[in-house]
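Student: Model the structure of this input:
(chains A and B)
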Amino acid sequence: MTQKDAQMTLPLMSRRARNGLAAAGVLGLLALTACGGDANESAEASADDVQANGSTLVVYTNSDSHTNAEGQQSADWLTERAAEEGFEIEVVGIGGGDLTNRLIAEAGNPVADVVFGLNHVFFSQLVAAEAIAPYTPEWAQDVSDPALGDPSGEGYFHPIVQQGIPLVYNLDAVSPEEAPSDWTDLWSDEQWHGRYESVIDLGGATTQMVFSGILTRYQDPEGELGISDEGWEQVELYFEHGNSAVPETDAWVRLADREVDMAQQPGTSSIFNREDQYGIEVGMMEPEIGIPFAVEQVAVVNGTDQEDQAQEFVDWFGSAEIQAEWSENFGSMPAIQGAIDQADEQIVELHENLQIQDIDWEFVAENLPAWIEKIELEYIP
Amino acid sequence: MKSTVKQMLKSPFAVVSLLILSWFVVALLLWPNINLLFETFFPAGEFSGRAVERILSSERAMRSLWNSLLLALALAVSTNVVGVFIVLVTKYFHIRGSRILWLGYATTLVYGGIVVAAAYRFIYGSDGIVTEALLQILPGMDPDWFQGFFAVLVVMTFATTTNHLLFLSSAIAKVDQQTIEAAKNMGAGDWTILRRVVLPTVKPMIFAITILSFLTGLGALSAPIVLGGRDFQTIAPMILSFASSPHSRDLAALMALVLGMATIAVLVFLTRMEAGGTYFSLSKVATPLDKQRISNPVANLAVHAGAYALFLIYIAPPVLIVLYSFVDSYSIETNAFAVANMSWENYQRVLTQPNALRPFLVSITYSALASAIVGVGLLVVVRILVKYRNGVSTTFEYLLHVPWLLPGAMIALGLILSFDTSSPLLFNNALSGTPVILLVAYVIIKIPFTLRLMKAAFASINHSLEEAAVLMGAGNWTIFRRILLPAVLPVAAAVFGLNFISLVDDYDTTVFLAHPLYQPLGPVIHQNTQSTTDLNARANTFVYTVLIMVISTAVMWLVYGRTTTQRRRRPRGQREAPSGSEHVPSVARLVHQPVPGAQATGYAPAAAAAPAGAEPRS
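Tutor: The predicted model follows:
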């Protein structure tokens, strides 16, 4: 194509106009695709499209998979309950560590409107990344102990559920008298080798809390990432003598099947519910040093385009009425006094007697991502 | 066929299109990957060897890298063994029922990647149908027998023999019957003929497929995730887990870079090796190949047995999945199959319940959009690239091959890292966290494949038609609309179809970029594979799989099936462009050609070694 091509492309006026039109078409197509991604889902999908009509609240949580007596998951329960109240919500459930990462990654362009269920360590990371916005809910005054909330005092996030992170053991296999007395016993005492579940997916909040509880005992400014060699050795031993978790298989299933006899428990709040569900009775290891205590919080996501609605939802969800219902369904220990008063006595009693481990949370929040990375790279089998 | 840049710039259409293309190449193809380099080695503005140090000192990371390499090597061998065998028994040897056999072997053409891995897990996994049956016979058997390196290799082998079926089959069919006759006359046996005559003539194709298999193994993500278990971890899943943490992203980036470098190194090395070899072409007037009888009765029996054994392995997963997609969730859970329990209930649920239907619709929307954009975009671009051959257009052509050199994980990560806040490159928009990012990634990964086929289609148009039109005074647009478009439309439609079916169940790119509210099938199927809570999850996955297979079969038939009937029917474009379409090769033939058009322009980048239509699917 030489001469003829040149002739062919002689810029005749009309042709140029048509060419321009075609180019505009290409541009238009590109523009179309820029907003096309969310505009052409199914009728159903676009009906509850967030950005498009601004009616659905996107709620991120790691507390999506608790189950109530009817076998309903907490995400579904909340969606239905919120709908009764006129809130159209879409619950997205992701493990705590991953959820935090996602919120930080999306900080420039948030998808979620509300986040709940993470504990203060993760919320502190979110505050640092400017991923959540300060808001004081109507019920903030009624929180049983102000120390449960945002330690900075800025009021970025507010407590809803109190949790200890314990190790539980199947009472059919281990009696309370002979049970291990601390995490370190699990690997220092040979009789527990291979009998406790070691978790290899570090994305969950529970696992990260367990490691925080162990590592902070070995704080050493000279050590790697602020932890002494002895501390890191504990992590190594934890994996060496643990019985690796099976992906997506709940530890309680394995406890009930006697595959393992001990496992970390995502929170003291749901122990009684789970005993009923899985038909086993468990004991709770009570180390002298105490157990990590995590308080689940709720907050409004920074940069949400539905701030008013998000705040309304937080007001409603954290209220004594709803938290009492949540507690009734999922066996949680509420943080708000009005809900504690209505909660199951057994649950309240359990939490009142909990020995809480004294943890330098600021130190943890600062180092946790680096710890997790090191464990992922060097210790996971 | 050269034209200067000056000529090119005289056409406003070309100028505008090239401007858009330049923006696309710079903003979405080059910058994200360059940025990835920066993020890895200059995380805070100054050089840091942290990522390298961390990775090198991590036993797990090094083992994963080693495993990826091992998988790539093993896959390159195993795929060839199985692939060459199935092509020989369906196209070369006289085997009874070879058409049925072909249909069985072709099942992995219509379901790929994570769907294949999930299917094998459903059947051979610890609570799979076959495993439970085996446990009844052998109670002491390890229920996790189908896990680890072996399982990953098996599944990926079967998933990648599609390349052999598509490309080696046609290469074998072109072997000249006369050369075989000649060899026979000289006293050569079956085995000697195969080894000394047939295989050497298809060596270039085997070579190209080997490269593809190697690369597929190197970047494997879905199969190791679903079937690797604890003992066989590869690098791509590790990239995935680090990519999600802002603190550890540089590690993910580094590992993706390592994967990218390995890919490029392999391509360069193998292309060099190939260039060193001498391959002879066949006689111009080849006599069509007759199927060869195996003269040794024992060998004949063994080959028959092997062919049918493989056939069973190939068809077991799809057949069982189709059957089980009709029974209730409880029967699926307990592996109890009864014809009496069969119903349309699962289909009804998936097709009517919004939650179950949604991933399917999301996938279809994404795939259709991405295939349409890449198809229309490249139609315009290729037209310009073919029309104006000069330094600029050649450079663009090279650049558009970039996605072929990079693993999907690296492309995804580059996009996430580069566009997590509003970027001037995107006119102050952000991509991360939006549903658009996945669409962009889909378009990017489909560019090289689409480019090759479209270019081949344009190249095969008879130029005298266009010249005649010019002489008769037809305008640029008229020529495009009346002559070029009808001529390339069948190919464009086929490319659309092929892109569509490969994206619809994509996992490897999707899992990095999917929007939490718009989860496509890939990640959902993966979740369902592992879910122990939702009873309907498995049943839903079966239905998804069957629907994907139905759609893919329809597309494959439109693309390939029609060529066999073409002699009887007239191709579609016939009426509109009477003489043009005669020169349009069928898509199937285009797809079968190793690198159509590439040699003609004297350009052969590393990736050109891969067959035009070849795409790693696992």
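
Student: Can you list the low-confidence ranges for the stretch 151-300 of chain A?
Tutor: Along the stretch 151-300 of chain A, the parts satisfying pLDDT under 70 run over A:248.

Student: Buried residues in the helix or strand B:Val82 falls within, which are they?
Tutor: Applying DSSP states H and E as the criterion places B:Val82 in helix B:59-87. By neighbour count on 16 or more other Cβ atoms under 10 Å in any protein chain shown, the buried set for helix B:59-87 is B:60-61, B:63-65, B:67-69, B:71-72, B:74-76, B:78-80, B:82-87. In this view, the C-beta of every residue, glycine as well, is placed from N, C-alpha and C.

Student: Whether that helix contacts chain A - can you check?
Tutor: Yes: judged by Cβ under 8 Å from any Cβ of the partner chain, helix B:59-87 comes into contact with chain A at B:Glu59, B:Arg60, B:Ala61.

Student: what sits against A:Ile336?
Tutor: For A:Ile336, the contact set (Cβ atoms under 8 Å, 6 or more residues apart in numbering or on different chains) comprises A:Trp139, A:Asp142, A:Val143, A:Ser144, A:Pro159, A:Ile160, A:Gly318, A:Ser319, A:Ala320, A:Gln323.

Student: ok, 10 Å please
Tutor: Listed by Cβ atoms under 10 Å, 6 or more residues apart in numbering or on different chains, the contact set of A:Ile336 reads A:137, A:139-144, A:148, A:158-161, A:318-324, A:327.

Student: out of those residues, which are inside strands?
Tutor: Among the contacts of A:Ile336, the members falling in strands (DSSP state E) are A:His158, A:Pro159, A:Ile160, A:Val161.

Student: Which one of those is nearest to B:Leu301?
Tutor: Closest approach to B:Leu301 among the ones in strands among the contacts of A:Ile336 (Cβ to Cβ): A:Val161, at 69.1 Å.

Student: Please name the nearest non-neighbouring residue to that closest one.
Tutor: For A:Val161, ignoring the flanking residues on the chain, the nearest one in space by Cβ to Cβ, 6 or more residues apart in numbering or on different chains is A:Glu296 at 4.1 Å.

Student: ok now the helix or strand where the one you found lies, how far from the chain's centre?
Tutor: Element membership for A:Glu296, per DSSP H and E: strand A:293-301. How far strand A:293-301 lies from its chain's middle: 9 Å, per Cα atoms, centre = their mean, to the nearest Å.

Student: what helices or strands is it leaning on?
Tutor: When contacts are defined as 3 or more Cβ pairs under 10 Å, 6 or more residues apart in numbering or on different chains; DSSP states H and E, strand A:293-301 packs onto strand A:56-61, helix A:96-105, strand A:114-119, helix A:120-128, strand A:132-133, strand A:158-164, helix A:205-215, helix A:307-317.

Student: domain parsing for the chain?
Tutor: Answering for chain A, as no chain was given. Following automatic domain parsing, chain A resolves into domains at A:51-163+A:294-343, A:167-291+A:359-379.

Student: You answered for a different chain; I wanted chain B.
Tutor: Split by automatic domain parsing, chain B gives B:50-316, B:325-392+B:448-618.

Student: Could you tell me the least trusted of those domains?
Tutor: Mean pLDDT is lowest for domain B:325-392+B:448-618 among the domains of chain B, at a mean of 75.

Student: list the buried ones in the longest helix seen in chain B?
Tutor: Assignment by DSSP state H gives helix B:354-387 as the longest helix of chain B. Of all the residues in helix B:354-387, those buried under the rule 16+ other Cβ under 10 Å are B:356-375, B:377-387.

Student: what's the following helix or strand after the helix or strand B:Gly522 falls within?
Tutor: Using DSSP H and E, B:Gly522 sits in helix B:521-530. Along the chain past helix B:521-530, the next helix or strand (assigned with DSSP H and E) turns out to be helix B:536-556.

Student: Tell me the gap between that following helix and the middle of its chain.
Tutor: Mean-position distance between helix B:536-556 and its chain equals 18 Å (Cα atoms, centre = their mean).

Student: and that helix, what other elements does it pack with?
Tutor: Under the contact criterion of 3+ Cβ pairs under 10 Å, 6+ apart, helix B:536-556 touches helix B:107-110, helix B:113-124, helix B:297-324, helix B:329-334, helix B:345-352, helix B:354-387, helix B:485-504, helix B:521-530.

Student: Give me the next element, helix or strand, following the second one.
Tutor: Okay, so that is helix B:113-124. helix B:129-137.

Student: Would that next one count as contacting chain A?
Tutor: No: using Cβ under 10 Å from any Cβ of the partner chain, helix B:129-137 never reaches chain A; the gap is at least 15.4 Å.

Student: what does the stretch 151-300 of chain A put close to chain B?
Tutor: For the stretch 151-300 of chain A, the residues in contact with chain B (Cβ under 10 Å from any Cβ) are A:Ile200, A:Asp201, A:Leu202, A:Gly203, A:Ser244, A:Ala245, A:Val246, A:Pro247, A:Glu248, A:Thr249, A:Asp250, A:Val253.

Student: before we move on, back to that, now do the buried residues in the helix or strand following the longest helix of chain B.
Tutor: As assigned by DSSP H and E, the chain's next helix or strand after helix B:354-387 is helix B:391-399. Buried positions in helix B:391-399, judged by neighbour count with 16+ other Cβ under 10 Å: B:Val392, B:Ser393, B:Phe396, B:Glu397, B:Leu399.

Student: How about stretch A:144-154?
Tutor: For stretch A:144-154, a neighbour-count test (16+ other Cβ under 10 Å) marks A:Ser144, A:Leu148, A:Gly149, A:Asp150 as buried.

Student: excluding its backbone neighbours, what's nearest the first one?
Tutor: Which is A:Ser144. Excluding its sequence neighbours, the residue lying closest to A:Ser144 (Cβ to Cβ, 6+ apart) is A:Gln337, at 4.6 Å.

Student: my read: that neighbour touches A:Gln162, true?
Tutor: No: applying Cβ atoms under 10 Å, one finds A:Gln337 not in contact with A:Gln162, separated by 11.9 Å.

Student: Could you name every residue contacting both of those two?
Tutor: When Cβ under 10 Å, 6+ apart defines a contact, the residues bordering A:Gln337 and A:Gln162 alike are A:Ser144, A:Asp145.

Student: And these two? Which one has more around it.
Tutor: Shown here are A:Gln337 and A:Gln162; by other Cβ atoms under 10 Å in any protein chain shown, A:Gln162 has more neighbours (24 against 14).

Student: ok and the residue in the stretch 201-350 of chain B nearest chain A?
Tutor: Residue of the stretch 201-350 of chain B nearest chain A, by Cβ to the nearest Cβ: B:His247 (3.5 Å).

Student: Now do that residue: how many residues are near it, please.
Tutor: 16.

Student: Pull the contacting residues for B:Leu227.
Tutor: Here B:Leu227 is in contact with B:117-118, B:120-121, B:124-125, B:146-156, B:529 (Cβ under 10 Å, 6+ apart).

Student: mind redoing it with 7 Å?
Tutor: B:Ala117, B:Tyr120, B:Arg121, B:Gln147, B:Ala151, B:Val152, B:Val155 (Cβ atoms under 7 Å, 6 or more residues apart in numbering or on different chains).

Student: Test my guess that the fourth one contacts B:Val226.
Tutor: In other words, B:Gln147. No: here B:Gln147 does not reach B:Val226: they are 9.7 Å apart, not a contact under Cβ atoms under 7 Å.

Student: Tell me how far the residue nearest the centre of chain A lies from A:Ser198.
Tutor: Residue closest to the mean C-alpha point of chain A, counted by Cα atoms, centre = their mean, is A:Gly96 at 2.6 Å. Distance, A:Gly96 to A:Ser198, by Cβ to Cβ, to the nearest Å: 18 Å.
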